[in-house]
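here's a sequence, model it:
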Amino acid sequence: MSQDFLASARKQFAYYKLLGEQTFAQVSDDQLFWQPNAASNSMAAIVKHLWGNMLSRWTDFLTSDGEKPWREREAEFDNDLRTRAELLARWEAGWHCLFSALDALTPSDLARTIYIRHQGHTVMEAINRQLAHYPYHVGQLVFIGKLVQGEAWQSLSIPRGGSAAYNAEKFALPPHQAHFTDEHLGQQ
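Below is the predicted model:
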């Protein structure tokens, strides 16, 4: 079961990474930096925050506190990225750090205690914590994408009005063929 948990966590992280990338592909460079108001974050600021969090949490994951002394969390929300290339470089660096740490874990690591801001978590709890945190922010990215694209937005899940057709297709297959696979990422 522990190995299943690690594989499942990796699959879920990969799904949310894909949702972010599918969102970036639909928006213009300018839209990556758009803020609805001064109290809200742009996509670029959200990516910068995810990057900072991922580097802090997943660097030396098993051996040092997840809130690194070099992290500058408040600066993560500065809207100072200027190009799509900068944004995507941060995005990839954060996810690379996460997947490298996750892929190095073994089932026996799941019960180990690690620390985030000096509070103990089992490795499994720490993974679950990030499985709640990152989708929260990816959802913000998708929402901003939908806002800025309006009618041009291409749904990343079952489009409105498409549930019956999608379900009919799935229920027409034998149960083992209708199982969720990597090719169905984005159709939940």
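
following element in sequence after the helix ranked longest in the chain, please.
Identified as the longest helix of the chain according to DSSP state H is helix 123-149. Once the chain leaves helix 123-149, the next helix or strand it forms, by DSSP states H and E, is helix 163-171.

tabulate the CA atom coordinates of that following helix in PDB.
Provided in PDB are the C-alpha atoms of helix 163-171 (Å, rounded to 0.1, in the frame of the first residue of the first chain):
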ATOM      1  CA  SER A 163     -21.300  15.400 -19.000                       C
ATOM      2  CA  ALA A 164     -23.900  13.100 -20.500                       C
ATOM      3  CA  ALA A 165     -21.800  12.300 -23.700                       C
ATOM      4  CA  TYR A 166     -18.700  11.800 -21.600                       C
ATOM      5  CA  ASN A 167     -20.500   9.500 -19.200                       C
ATOM      6  CA  ALA A 168     -22.100   7.500 -22.000                       C
ATOM      7  CA  GLU A 169     -18.700   6.900 -23.600                       C
ATOM      8  CA  LYS A 170     -17.200   5.700 -20.300                       C
ATOM      9  CA  PHE A 171     -20.200   3.500 -19.400                       C
END
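
run through the helices of the protein in chain order.
Counting by DSSP H, the helices of the chain are 2-26, 43-58, 84-104, 123-149, 163-171.

and the third one, what's its mean pLDDT?
Pointing back at helix 84-104 there. Averaged over helix 84-104, pLDDT sits at 98.

give the other helices and strands that that helix contacts.
Helix 84-104 is packed against helix 2-26, helix 43-58, with contacts defined by 3 or more C-beta pairs under 8 Å, 6 or more residues apart in numbering; DSSP states H and E. Backbone N, C-alpha and C define where each C-beta goes, glycine included.

compare those helices and give me the one nearest residue 123.
Across the helices and strands packed on helix 84-104, residue 123 has its closest neighbour in helix 2-26 (9.5 Å, C-beta to C-beta).

looking at the helices and strands packed on helix 84-104, spot the one closest to residue 108.
Among the helices and strands packed on helix 84-104, if distance is taken as C-beta to C-beta, the winner is helix 2-26, at 7.6 Å.

mind listing what's buried along that closest one?
For helix 2-26, a neighbour-count test (16 or more other C-beta atoms under 10 Å) marks 5-6, 9-10, 13, 15-17, 19-20, 22-24, 26 as buried.

will you turn the residues you listed into a markdown table that also has pLDDT and distance to residue 163?
Listed next are the buried residues of helix 2-26 as a markdown table, based on pLDDT from 0 to 100; distance: C-beta to C-beta, whole Å:
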| residue | pLDDT | distance to residue 163 |
| --- | --- | --- |
| 5 | 97 | 30 |
| 6 | 97 | 32 |
| 9 | 98 | 28 |
| 10 | 98 | 28 |
| 13 | 98 | 26 |
| 15 | 97 | 19 |
| 16 | 98 | 22 |
| 17 | 98 | 25 |
| 19 | 98 | 19 |
| 20 | 98 | 24 |
| 22 | 98 | 20 |
| 23 | 98 | 21 |
| 24 | 98 | 26 |
| 26 | 98 | 22 |
